[in-house]
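Undergrad: Build me a structure from this.
(one chain, ligands or ions: 2)
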Amino acid sequence: MGSITLKNVSKVFGEAKVIPSIDLDITDGEFVVFVGPSGCGKSTLLRLIAGLEDVSGGNILIDGKDVTAAAPAERGLAMVFQSYALYPHMSVRNNIAFPLKMAKADKAIIDKKVADAARVLNLTDYLERRPSQLSGGQRQRVAIGRAIVREPSAFLFDEPLSNLDAALRGTMRLEISDLHHQLKTTMVYVTHDQVEAMTMADKIVVLNRGNIEQVGSPLDLYRTPRNLFVAGFIGSPR
Ligand code: ADP
Ligand code: MG
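TA: Ligands and ions are numbered 1, 2, ... in the order given. Purely as a prediction, here's the structure:
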């Protein structure tokens, strides 16, 4: 569970062809990073996968099933928003439990899933606090916890660390990588930060003006960038 396939996916906003046509295979369990300069279409591509935007053309398959016309909630994916998307008046416990309560899950199941997520994220001692009583990194972990309890087939992250200071970004990079090792769930991670891409990805997708310039492992892109754009962006000595 957790493979994502894009076939000839395009997106037009008015006159602007933001994504001309993209083909991409994401394998179950992969950590894939979409990287590229601001405005190149990273968020749009992620939102198309999530179903938050409709494609203008092409098809999206999740685990082999065509979800192009499916609503976001039917896709089995969880989008992790930035930490400020927490509910300030709710405890950490209730923030994490929120999707399960919305789905009217049993209390015993909610309690277990929240406890499991809290353990993975080292939030066990913070469950009764409010978001305002947490550090930025802890708040980000709560936002991830809210995604984990839904047991998605893939996590979608859009620049989740961009609001954090440099030191905390470094810590959270390691924590998200560690989470991937623990859960082994597909993660699609959008960033404009080359360091995040190079240190976190199994596979990097370099985007430029809505087109894929190159797909490969961090080492592939570093050693054999296909063109000057990739070389310049990744910082290869070419
Ligand atoms: P990135 O996340 O890589 O910075 P985006 O996907 O947000 O880029 O945006 C890609 C392009 O699409 C930009 O030129 C942006 O202005 C445009 N765009 C994004 N969303 C919309 C929208 N809802 N309506 C019109 N244009 C949009
Ligand atoms: Mg963006």
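Undergrad: Close to ligand 1: what parts of this structure are there?
TA: Phe13, Val18, Gly36, Ser38, Gly39, Cys40, Gly41, Lys42, Ser43, Thr44 (C-beta under 6 Å from any ligand atom). Where you see a C-beta, it was placed from the backbone N, CA and C, and this is true even at glycine.
Undergrad: Double-check that the second one belongs to a strand.
TA: Okay, so that is Val18. Yes: residue state for Val18 (DSSP: H, G, I helix; E, B strand; the rest coil) corresponds to a strand.
Undergrad: Need the max-distance pair from the residues of the chain next to ligand 1.
TA: Phe13 and Gly36 (17.3 Å; C-beta to C-beta).
Undergrad: Check which helices and strands the biggest helix by length in the chain sits against.
TA: The helix that spans the most residues within the chain, counting by DSSP state H, is helix 166-183. In this structure, helix 166-183 makes packing contacts with helix 107-120, helix 136-148, strand 186-191, helix 194-200, judged by 3 or more C-beta pairs under 8 Å, 6 or more residues apart in numbering; DSSP states H and E.
Undergrad: Quick one: mean pLDDT over that helix.
TA: The average pLDDT within helix 166-183 is 92.
Undergrad: any idea of the angle that helix forms with strand 186-191?
TA: Relative orientation of helix 166-183 versus strand 186-191 (axes from the mean of the first three to the mean of the last three C-alpha atoms, to 10 degrees): 160 degrees.
Undergrad: what's next to helix 166-183, contact-wise?
TA: Helix 166-183 is contacted from outside by 31, 120-121, 135-137, 140-141, 144, 148, 157, 160-161, 164, 187, 189, 196, 199-200, using C-beta atoms under 8 Å, 6 or more residues apart in numbering.
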